[in-house]
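Peer 1: Provide a 3D model corresponding to the input given below.
(one chain, ligands or ions: 1)
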Amino acid sequence: MTADTPQTPEGNKPKGRQIYKMRVVEIRDYTSRIRELFLKCEEPNQFQFRAGQFVMLHVPAEPKPALRAYSIASNDQQRDGFRLIFNHIENGLASNFVWTLKGGELLDFTGPFGRLFFKEPPTQQIVMLSTGSGISQHFCYLESNLKKYPDLRYRVLMGMRTANDIYYRKELDSLKREFKDFDYEFVLSRADDSWTGKKGYVQHFLSEFNYRETPTTFYLCGNGGMIKDVKARLAEDGFDAANILAEAFD
Ligand SMILES: Cc1cc2nc3c(=O)[nH]c(=O)nc-3n(C[C@H](O)[C@H](O)[C@H](O)COP(=O)(O)OP(=O)(O)OC[C@H]3O[C@@H](n4cnc5c(N)ncnc54)[C@H](O)[C@@H]3O)c2cc1C
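Peer 2: I've put the predicted structure just below:
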């Protein structure tokens, strides 16, 4: 991972590596592999970021903490904390640590980092494709833009293996109620026969978005293979790469 230069939410001014001490105030386990942490600022008592940015979690380790990047999932207007979604990686250092948490712990973070901001002015259509915990970055864009851009056409596809891996349905339903033209679907790569929704990989459904006729920005987040594949398919079709914003988590 390329740890970016620390950025202030406002621009390019480098910021010292301030450690933010954040309290774990809630833990939500959506599946056996997806966990969300609700974190509240303790010291200092404020944290500012812009939608699309990530923080570095300092995982306790010897001889020094190991740093791992996590995209912020919550609204960027919130100042007293943020939410992070974790996808458990087998034998992963940070993953194992996060799954030992019980709530109430104080964690160290640095940030915010990253410059993958929501593209402005926005296009008429916004398509967000994610795998694993990639919805975190997209959910942050969506929640943060609810008041500013309520009228765009938003389409979200989340890729996962089976119906047991599905999460965030309630959160996405709530966005569906709030935006004028918002829809989402899960795409299962290992669906059983009872699944009546989309089967395969998110990149198999690009043509449904009518992006040749409708000015569109694609946001891609999660698995690097998915991102590469979507970019290649869109490039073959002559789609402008400037309208593809991607963050790989692996
Ligand atoms: C900008 C950015 C934002 C990110 N945001 C998030 C986020 O919001 N939520 C989230 O869960 N993760 C996110 N990640 C990934 C995260 O930083 C860690 O890489 C991940 O949690 C694994 O860390 P670990 O310490 O558990 O595994 P490690 O101990 O680092 O790795 C264990 C093994 O798993 C492999 N591995 C590492 N990462 C992955 C992966 N993502 N998929 C498959 N295999 C992997 C490694 O090659 C290694 O063999 C983000 C990464 C980047 C670069």
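
Peer 1: residues in the chain within reach of the ligand, list them.
Peer 2: Residues of the chain lying close to the ligand (C-beta under 6 Å from any ligand atom) are 1, 54, 68-71, 84-87, 89, 91-95, 133, 136, 247, 249-250. From N, CA and C alone the C-beta is placed, and that goes for glycine too.

Peer 1: try it again at 5 Å.
Peer 2: Residues of the chain lying close to the ligand by C-beta under 5 Å from any ligand atom are 1, 54, 68-71, 86-87, 89, 92-95, 133, 136, 249-250.

Peer 1: which of these fall in helices?
Peer 2: Taking DSSP state H as the definition of helices, those contribute 93-95, 136.

Peer 1: ranking the residues you listed by neighbours, who comes first?
Peer 2: Highest neighbour count within these, by other C-beta atoms under 10 Å: residue 136, with 26 neighbours.

Peer 1: please list all residues in contact with that one.
Peer 2: 70-73, 84-85, 221 (C-beta atoms under 8 Å, 6 or more residues apart in numbering).

Peer 1: where does it land on pLDDT?
Peer 2: What the model reports as pLDDT for residue 136 is 98.

Peer 1: and for the one 4 residues further on?
Peer 2: Per-residue confidence at residue 140 stands at 98 (pLDDT).

Peer 1: that's a helix at it, yeah?
Peer 2: Yes: counting by DSSP: H, G, I helix; E, B strand; the rest coil, residue 140 falls inside a helix.

Peer 1: can you pull the contacts of it?
Peer 2: The contact partners of residue 140, by C-beta under 8 Å, 6+ apart, come to 51-52, 71-76.

Peer 1: how about residue 219?
Peer 2: Residues near residue 219 by C-beta under 8 Å, 6+ apart: 126-129, 137-138, 141, 245-246.

Peer 1: residue in the protein nearest to the ligand?
Peer 2: As assessed by C-beta to the nearest ligand atom, the ligand sits closest to residue 92 within the chain, at 2.1 Å.

Peer 1: and that residue, how close does it get to residue 151?
Peer 2: From residue 92 across to residue 151, the span is 40 Å (C-beta to C-beta, to the nearest Å).

Peer 1: could you do residue 218 as well?
Peer 2: 19 Å.
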